[in-house]
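# Next come a sequence and a model predicted from it.
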Amino acid sequence: MPSPSNTTQDDLRARSIPHMTLSTGDTSSMTGPPPPMPHYLTSEGRAIKRFAVEGNAIFTGGAGTLALVNARALLEHGLSGLALFDLDHSKSAQEIQALKADFPNARVLSIKVDATNAEQLGSAVKLTVSELGSVDILCCFAGVVGCTHAIDMAPSEWKSRLEINTTGSFLSAQAAARQMIAQNTGGSILFLASISAHRTNYPQPQAAYNASKAALLSLKYSLAAEWAVHGIRVNSVSPGYMDTVLNEGSGLEEARRTWGERNPMGRMGVPEELTGVVVLLCSQAGGYVNGADLVVDGGQCCF
Ligand SMILES: NC(=O)c1ccc[n+]([C@@H]2O[C@H](COP(=O)([O-])OP(=O)(O)OC[C@H]3O[C@@H](n4cnc5c(N)ncnc54)[C@H](O)[C@@H]3O)[C@@H](O)[C@H]2O)c1
Ligand SMILES: OC[C@@H](O)C(O)[C@H](O)CO
């Protein structure tokens, strides 16, 4: 595994734009030919489907509602192989069987992995590579929410939200990026942030969840900057209130009504409404999107 310990930001920048120095405005500083255009921008490549998804993808939280809907969308756009990492696949066994039946030409794996455990992640990435051949896309969907007033929150609850939502996403990205760098193929990494990273939710109190998701917005900048030199893009998606099990349950009936009323479109989102940006970020159409966060919330953040 390459060791980044002696690599500075300047080294990385020099390697990523080797054709020019870092002085501004003076075109005489161009010292060589510009790098070749990515193949999908060449005249030959323009004919290809820009929203085609190539290679193999890992989804953490892979038995969750949003993960399964978005994994299906990637398969519909050409994904070759899929590895669903989750603590518990039993609750979604039927949906996973349906994916396998609907895409008989794709390989679909379910692997029990705790996304907060670096060792388990490393082993699961190795298993994915031995079964599918490569890791080209990582979508970090593992996440947990909880509604507790900050004043009452136990340290254990605070730590648990950050451990799964933030640390888990970082460790998953690190494990996948190590593999992508070893392959020398580049790749796309996606964090599931939330509008909770941008705004405080109303009416439910969820300070720990919000902080854990806001950290992902910062993390994707750092990783996008560090790993672009390896052809790895790192972005995030911030959904608003989507109608999934995460937002069901006793005590949330009133909140669900409020979320709809405070949305310019007057409703929560349905999981399929997230797939457009996920396909974009995982396909060549998103080839120059790096370090970005795309909000999909029906306008909830307008107010
Ligand atoms: N549903 C929404 O409205 C909404 C909005 C914004 C962001 N999100 C985010 O989207 C992601 C998916 O949400 P969802 O609605 O599909 O929820 P979900 O509960 O259906 O899916 C989450 C999955 O993560 C898994 N998981 C939890 N901890 C894990 C761990 N340590 N290791 C591996 N897997 C683990 C769970 O088993 C579950 O299958 C979450 O990160 C959530 O915070 C959801
Ligand atoms: O902010 C929207 C989501 O992150 C989340 O679904 C919600 O806040 C959980 O109650």
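Sure thing, it's come through. Source: prediction; values computed, not measured. Ligands and ions are numbered 1, 2, ... in the order given.
# mean confidence score for the longest helix anywhere in the chain?
When the chain is parsed with DSSP state H, its longest helix is helix 207-227. Mean pLDDT, computed over helix 207-227, is 98.
# Let me have it in PDB, keeping just the CA atoms, if that works.
Extracted as PDB, the C-alpha positions of helix 207-227 are listed here (Å, rounded to 0.1, in the frame of the first residue of the first chain):
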ATOM      1  CA  ALA A 207     -27.800  17.600  17.400                       C
ATOM      2  CA  ALA A 208     -25.500  14.500  17.200                       C
ATOM      3  CA  TYR A 209     -26.900  13.300  13.900                       C
ATOM      4  CA  ASN A 210     -26.600  16.800  12.400                       C
ATOM      5  CA  ALA A 211     -23.000  17.200  13.600                       C
ATOM      6  CA  SER A 212     -22.100  13.800  12.300                       C
ATOM      7  CA  LYS A 213     -23.400  14.600   8.800                       C
ATOM      8  CA  ALA A 214     -21.900  18.100   8.700                       C
ATOM      9  CA  ALA A 215     -18.500  16.500   9.400                       C
ATOM     10  CA  LEU A 216     -18.900  14.600   6.100                       C
ATOM     11  CA  LEU A 217     -19.200  17.900   4.100                       C
ATOM     12  CA  SER A 218     -15.700  18.900   5.400                       C
ATOM     13  CA  LEU A 219     -14.300  15.400   5.000                       C
ATOM     14  CA  LYS A 220     -15.300  15.100   1.300                       C
ATOM     15  CA  TYR A 221     -13.300  18.300   0.600                       C
ATOM     16  CA  SER A 222     -10.200  16.900   2.200                       C
ATOM     17  CA  LEU A 223     -10.400  13.500   0.500                       C
ATOM     18  CA  ALA A 224     -11.300  15.000  -2.800                       C
ATOM     19  CA  ALA A 225      -8.200  17.200  -2.700                       C
ATOM     20  CA  GLU A 226      -5.900  14.400  -1.500                       C
ATOM     21  CA  TRP A 227      -7.100  11.700  -3.800                       C
END
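# anything in it near ligand 1?
No: Helix 207-227 stays out of contact with ligand 1 when judged by Cβ under 6 Å from any ligand atom, the minimum separation being 6.7 Å. Just so you know, the C-beta spots here come from the backbone N, C-alpha and C atoms, and that holds for glycine as well.
# In terms of secondary structure, what does whichever helix or strand comes after that helix contact?
Using DSSP states H and E, the helix or strand that follows helix 207-227 in sequence is strand 232-239. The contact analysis (3 or more Cβ pairs under 8 Å, 6 or more residues apart in numbering; DSSP states H and E) places strand 232-239 against helix 168-183, strand 187-192, helix 207-227, helix 275-282, strand 293-296.
# mind listing the helices for this protein?
For the chain, applying DSSP H gives helices covering 9-16, 65-76, 93-102, 118-132, 155-161, 168-183, 207-227, 253-261, 275-282.
# For those helices, which has the smallest mean pLDDT value?
Of all the helices of the chain, mean pLDDT reaches its minimum on helix 9-16 (a mean of 45).
# returning to what we had before: could the helices of the chain be laid out in a markdown table, adding distance to residue 268 and mean neighbour count?
Shown next, in a markdown table, are these (distance: least, Cβ to Cβ, whole Å; neighbours: other Cβ atoms under 10 Å):
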| stretch | distance to residue 268 | mean neighbour count |
| --- | --- | --- |
| helix 9-16 | 41 | 12 |
| helix 65-76 | 13 | 21 |
| helix 93-102 | 20 | 14 |
| helix 118-132 | 32 | 17 |
| helix 155-161 | 22 | 14 |
| helix 168-183 | 24 | 22 |
| helix 207-227 | 17 | 20 |
| helix 253-261 | 6 | 14 |
| helix 275-282 | 16 | 22 |
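# who wins for proximity to residue 193 among these?
Closest approach to residue 193 among the helices of the chain (Cβ to Cβ): helix 207-227, 4.6 Å.
# Can you check what angle separates that closest one from strand 187-192?
Orientation check (axes from the mean of the first three to the mean of the last three Cα atoms, to 10 degrees): helix 207-227 against strand 187-192 gives 160 degrees.
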